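# Sequence first, then the predicted structure, then my questions.
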Amino acid sequence: MATIKAKRGLDLPIHGAPDSDTVVDRLDVRRVALMPQQSWGIKVRLLVQEGDAVKVGTPLFVDRRDDGVVYSSPAAGRIAAIHRGHRRAVLSVVIDVDGFDDAEPFEAVDLLGASRDEVRAALMTSGLWPALRRRPYDKVAGSTDDPVGIVVQAHDSSPLAPDLRKVIAGREDDLAIGLEVLKKFTDGNIHLCAKDGENFGKVMGEGTLVHHFDGPHPSGTAGFSIHKVCPAGPKRVVWHIGLQDVCDIGQLFRSGRRPTTRVIAVTGPAAKEPKLIRTRPGADMAALLEGESTAARTRLVNGSCLWGDKIDPEQHVEFLGRWNTQVTILEDDVKRDLVGWALPVSGRFTQTNTVWDKFFRKTFKYDTDTNGSLRAIVPMGHYESVMPMDVLATQLIKSLASGDLEGAEKLGVLELAEEDLALCQVVDPSKIAITDMLREMLTTIEKEG
């Protein structure tokens, strides 16, 4: 197949990528947690209470709107706390870890002879079903979904993201089995989206198509891949899943044991030593990365600096996210520069060539400063310059800002998620929260049908 190239986009020249492929073990984790609110629109029904003993794979909660989707414990131990937020929404279910060997039994399934319903039931009871997400709405896949195709994202072009092939090194057998499991869920194809030049021939089988992508970010995102190889729509459900999650599913069906490790990249301009680490799903990242920053004030971000969530102990969401393969460390000590906007050399990257740094710096030390205040949306072509999809970016963003549901839907909002508009937010001179408006719009459309 011909390589699919993103003709527009932007690779942020940000400092702080891992300089080694060596994976460092950081498995001594004392607390882990699940954070239900990562799954957009979930209504939690708890199955445990504080003080309950749990094993690896013990069900912790389900979605009241879809009881078939089970969220299970990533460790053996005891429920230490159940934190709640606004309107008593469950923020995190925290477990004091005793170990990772004591697990709930998993009944092996013969993939060759098993039906779709049998494989579906096995994956749901295992607790690994939430690895699957769906478009539209970018939510956890529904238990009754019938996807027209499944996209496996084997390439991540996000700033400082790890090379996913190196993350799963040595797990090729698990990947092959995981792909066979996914084939049970759709009459369409499995679309494995890889970086240009990478070869997945050894794990391929009938019903799996490999697509190669090249170009600047967002060429390696699920949204761009879905847009190009298997478009989603109001009546076209498409699933997507990360490469490491496919390997986890393959490990489960091969060995009968749930995965208890996850490889992530610790990255960012304020990271003392960017590196790949092997840790535990749902690990307490605030404790694990204590002392890993070079800044006086630090912000830890669950995921990419473009679209990730703040790791915040005060809000009880200081744990590794369910789908994250990186944690970004940024300086959070924002300082106001005297006439900073007028300085020809400011140490900041600009897309519009308004400062000279762009011409003699290769990377920049980004921080959390927005470098400006809220202002009106002025169509200057910034959004279009980083939007490689067939989407009228300026018109769509204006529809989001004005709450125009019908207009936004006609412009393709149902195909998008936060990662797809994150670059528009970065280059936006208006400083508006585009990704927040997108999520609010998607939630409203889903509620109103």
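Thanks, I have the structure now. What you see is a predicted model, and the numbers here were worked out from it, not measured in a lab. Numbering: from 1, shown residues only.
# can you list contacts of the longest helix seen in the chain?
Among the segments of the chain that qualify as a helix by DSSP state H, the longest is helix 434-448. For helix 434-448, contacts defined as CB atoms under 8 Å, 6 or more residues apart in numbering pick out 40-41, 136-138, 307, 397, 399-401, 403, 405, 408-409, 413-414, 416-418, 421-422, 424-425, 428. Where you see a C-beta, it was placed from the backbone N, CA and C, and this is true even at glycine.
# Weed out the non-buried ones from the residues you listed.
The neighbour-count test (16 or more other CB atoms under 10 Å) marks 40, 136-138, 307, 397, 399-401, 408-409, 413-414, 416-418, 421-422, 424-425, 428 as buried among these.
# so what's the nearest residue in space to C193 that is not next to it in sequence up against?
When the adjacent residues along the chain are set aside, C193 lies closest to S225, with 4.1 Å between them (CB to CB, 6 or more residues apart in numbering). With contacts defined as CB under 8 Å, 6+ apart, the neighbours of S225 are V151, Q153, H191, C193, H211, F213, H240.
# isn't there a helix covering S225?
Yes - under DSSP: H, G, I helix; E, B strand; the rest coil, S225 falls within a helix.
# roughly how far apart are it and R439?
Per CB to CB, to the nearest Å, S225 is found 20 Å from R439.
# residues of the one helix or strand W239 maps to that come out buried?
Following DSSP states H and E, the helix or strand that holds W239 is strand 238-242. Within strand 238-242, the residues that qualify as buried are V238, W239, H240, I241, G242, counting by 16+ other CB under 10 Å.
# Then stretch 62-74?
By neighbour count, and taking 16+ other CB under 10 Å as the criterion, the buried residues in stretch 62-74 are V62, D63, D66, V69, V70, Y71, S72, S73, P74.
# one step back: any idea how far the strand holding W239 is from the chain center?
When distances are taken as CA atoms, centre = their mean, to the nearest Å, strand 238-242 is centred 11 Å away from the chain's centroid.
# same deal with stretch 67-83?
For stretch 67-83 - counting by CA atoms, centre = their mean - the centre lies 20 Å from the chain centre.
# Roughly how far does the residue nearest to C193 sit from A33?
Distance of S225 to A33, computed by CB to CB: 30 Å.
# Ok, T3 next?
Here the criterion is CB to CB. By it, T3 lies 41 Å from A33.
# swap in A76?
From A76 across to A33, the span is 14 Å (CB to CB).
# and these two? which has more neighbours close in?
Here A76 and A33 are set side by side on neighbour count (other CB atoms under 10 Å), and the busier one is A33, at 28 against 21.
# Let me see the contact set for the more buried one.
By CB under 8 Å, 6+ apart, the neighbours of A33 are S92, V93, V94, I95, G282, D284, F319.
# Could you report the neighbour count for the last one?
Read that as F319. Quick note: F319 (other CB under 10 Å) scores 29 neighbours.
# Show me what it is bridged to.
Note on F319: beta-bridge partners by DSSP bridges are D284.
# residues contacting it?
Applying CB under 8 Å, 6+ apart to F319 gives the contacts R31, V32, A33, L34, M35, S92, V94, G282, A283, D284, M285, I311.
# Could you measure from the closest residue to the fifth one other than its chain neighbours over to L300?
Nearest residue to M35 in three dimensions, chain neighbours excluded: S92, at 4.9 Å (CB to CB, 6+ apart). Going from S92 to L300 by CB to CB gives 15 Å.
# who has more neighbours, those two?
Counted by other CB under 10 Å, S92 and L300 do not tie: L300 has more neighbours, with 26 against 22.
# quick one: that one is in a strand?
Yes - checked against three-state DSSP, L300 lies within a strand.
# pLDDT below threshold where in the chain?
Judged by pLDDT under 70, the chain has its weakly predicted residues at 1, 202, 336-347, 353-360, 449.
# how does it divide up, domain by domain?
28-106, 262-359, 382-448 (automatic domain parsing).
# Could you report the neighbour count for F100?
By the other CB under 10 Å criterion, the neighbourhood of F100 contains 22 residues.
# if I pick it, what's in contact with it?
With contacts defined as CB under 8 Å, 6+ apart, the neighbours of F100 are V56, A75, A76, T260, R280.
# what two of these have the greatest distance between them?
Comparing every pair within those by CB to CB identifies A76 and R280 as the most remote, at 11.4 Å.
# overlap in contacts of those two?
Counting by CB under 8 Å, 6+ apart, the contacts common to A76 and R280 are V97, F100.
# tell me the helices in the stretch 301-449 of the chain, going along the chain?
All helices of the stretch 301-449 of the chain, identified by DSSP state H, counting those that start in this stretch, fall at 382-385, 393-402, 405-410, 418-427, 434-448.
# Which one of those helices lies nearest to I177?
Each of those was checked against I177 via CB to CB, and the shortest separation belongs to helix 418-427, namely 27.8 Å.
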